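[1] Need the 3D shape of this:
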Amino acid sequence: MPIYAYRCSSCGCQKDVMQKMSDAPLSNCPECGKETFSKQLTAAGFQLKGNGYYVTDFKGGAKKSDAKPDAVAVPAASTPSSPVTSGTA
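    Residues are numbered from 1 along each chain as shown. Next up is the predicted model:
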(Lines give C-alpha, C1' and ligand atoms only; values in the text may rest on other atoms or scores of the structure.)
Protein backbone atom coordinates (compact mmCIF):
# COMPACT_ATOMS: atom_id res chain seq x y z
CA MET A 1 0.00 0.00 0.00
CA PRO A 2 1.30 3.47 -0.78
CA ILE A 3 2.08 6.09 1.83
CA TYR A 4 0.53 9.52 1.22
CA ALA A 5 1.70 12.79 2.76
CA TYR A 6 -1.09 14.99 4.12
CA ARG A 7 -0.98 18.56 5.44
CA CYS A 8 -3.57 20.74 7.16
CA SER A 9 -3.72 24.26 5.74
CA SER A 10 -5.26 25.61 8.98
CA CYS A 11 -2.94 24.35 11.72
CA GLY A 12 0.02 23.09 9.64
CA CYS A 13 -0.18 19.50 10.91
CA GLN A 14 1.71 17.11 8.63
CA LYS A 15 1.19 13.36 8.64
CA ASP A 16 2.08 10.37 6.46
CA VAL A 17 -0.80 7.93 6.04
CA MET A 18 -0.67 4.42 4.58
CA GLN A 19 -3.86 3.74 2.65
CA LYS A 20 -5.10 1.86 -0.38
CA MET A 21 -5.14 3.61 -3.74
CA SER A 22 -8.90 3.00 -3.90
CA ASP A 23 -9.54 4.68 -0.50
CA ALA A 24 -11.06 8.15 -0.49
CA PRO A 25 -8.61 10.95 0.44
CA LEU A 26 -8.74 12.14 4.04
CA SER A 27 -10.22 15.59 4.63
CA ASN A 28 -10.53 16.00 8.42
CA CYS A 29 -7.37 17.05 10.28
CA PRO A 30 -6.54 14.76 13.23
CA GLU A 31 -5.19 17.76 15.24
CA CYS A 32 -7.71 20.59 14.77
CA GLY A 33 -10.66 18.66 13.28
CA LYS A 34 -11.18 21.08 10.39
CA GLU A 35 -11.79 19.89 6.83
CA THR A 36 -8.58 21.42 5.52
CA PHE A 37 -6.47 18.22 5.50
CA SER A 38 -5.26 17.51 1.95
CA LYS A 39 -2.81 15.29 0.07
CA GLN A 40 0.57 16.74 -0.80
CA LEU A 41 2.43 16.15 -4.04
CA THR A 42 5.60 14.18 -3.27
CA ALA A 43 8.25 12.33 -5.25
CA ALA A 44 7.90 8.58 -5.60
CA GLY A 45 10.33 6.64 -3.45
CA PHE A 46 11.14 3.22 -4.86
CA GLN A 47 14.10 1.15 -5.97
CA LEU A 48 14.25 -1.39 -8.76
CA LYS A 49 15.75 -4.57 -7.34
CA GLY A 50 16.38 -7.99 -8.79
CA ASN A 51 17.89 -9.38 -11.95
CA GLY A 52 17.99 -7.02 -14.90
CA TYR A 53 17.93 -3.74 -12.96
CA TYR A 54 21.12 -1.76 -12.51
CA VAL A 55 21.85 1.37 -10.49
CA THR A 56 23.22 3.10 -13.60
CA ASP A 57 20.21 2.42 -15.86
CA PHE A 58 18.46 5.76 -15.31
CA LYS A 59 21.28 8.05 -14.20
CA GLY A 60 21.29 10.12 -17.42
CA GLY A 61 24.50 8.68 -18.86
CA ALA A 62 25.05 7.52 -22.43
CA LYS A 63 22.10 5.76 -23.98
CA LYS A 64 22.48 2.08 -24.75
CA SER A 65 21.75 2.69 -28.43
CA ASP A 66 24.63 5.22 -28.53
CA ALA A 67 27.04 2.86 -26.77
CA LYS A 68 26.37 -0.23 -28.91
CA PRO A 69 28.25 0.75 -32.10
CA ASP A 70 31.45 1.55 -30.18
CA ALA A 71 31.20 -1.56 -28.02
CA VAL A 72 30.75 -3.78 -31.08
CA ALA A 73 33.57 -2.17 -33.08
CA VAL A 74 36.20 -2.32 -30.31
CA PRO A 75 36.08 -6.10 -29.61
CA ALA A 76 35.99 -6.96 -33.33
CA ALA A 77 39.06 -4.81 -34.04
CA SER A 78 41.05 -6.10 -31.05
CA THR A 79 40.38 -9.80 -31.70
CA PRO A 80 43.00 -11.28 -34.11
CA SER A 81 40.86 -14.38 -34.86
CA SER A 82 37.96 -12.27 -36.06
CA PRO A 83 36.30 -13.61 -39.25
CA VAL A 84 36.19 -10.04 -40.66
CA THR A 85 39.56 -9.12 -42.16
CA SER A 86 40.73 -6.06 -43.92
CA GLY A 87 42.12 -6.27 -47.45
CA THR A 88 41.92 -9.21 -49.84
CA ALA A 89 42.22 -12.89 -49.03
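
[2] Give me the phi and psi for residue 4.
    phi -110, psi 140 (degrees, to the nearest 10).

[3] For beta bridges, what are the partners of it?
    Note on residue 4: beta-bridge partners by DSSP bridges are residue 17.

[4] Near it, how many other residues are there?
    17 (other CB atoms under 10 Å). Every C-beta, even on glycine, is put in place using the N, C-alpha and C of the backbone.

[5] ok, which stretches of the protein are strands?
    Along the chain, counting by DSSP state E, strands occupy 3-8, 14-18, 37-39.

[6] Check which helices and strands the longest one sits against.
    The one in question is strand 3-8. Contacts defined by 3 or more CB pairs under 8 Å, 6 or more residues apart in numbering; DSSP states H and E place strand 3-8 against strand 14-18, strand 37-39.

[7] Tell me which of these sits most buried.
    strand 37-39 (a mean of 17; mean count of other CB atoms under 10 Å).

[8] got the contact list for it?
    With contacts defined as CB atoms under 8 Å, 6 or more residues apart in numbering, strand 37-39 is touched by 4-9, 13, 25-30.

[9] Could I get the contacting residues of residue 26?
    6, 17, 19, 37, 39.

[10] per-residue pLDDT, it?
    pLDDT for residue 26: 93.

[11] What of residue 69?
    53.

[12] can you start the count at 336 instead of 1 from here on
    Got it, the first residue is 336 from now on, which makes the last one we talked about residue 404.

[13] Could you list the low-pLDDT ranges of the chain?
    By pLDDT under 70, the low-scoring segments of the chain are 387-424.

[14] Show me the helices in it, by range?
    399-413 (DSSP state H).

[15] picking up where we left off before, minimum distance to residue 384: which of the strands of the chain has it?
    strand 338-343 (18.4 Å; CB to CB).

[16] Taking strand 349-353 as reference, get the angle to that closest one.
    Angle, strand 338-343 to strand 349-353, by axes from the mean of the first three to the mean of the last three CA atoms, to 10 degrees: 150 degrees.

[17] what's in contact with strand 338-343?
    By CB under 8 Å, 6+ apart, strand 338-343 touches 348-354, 360-361, 364, 366-367, 369, 371-375, 377.
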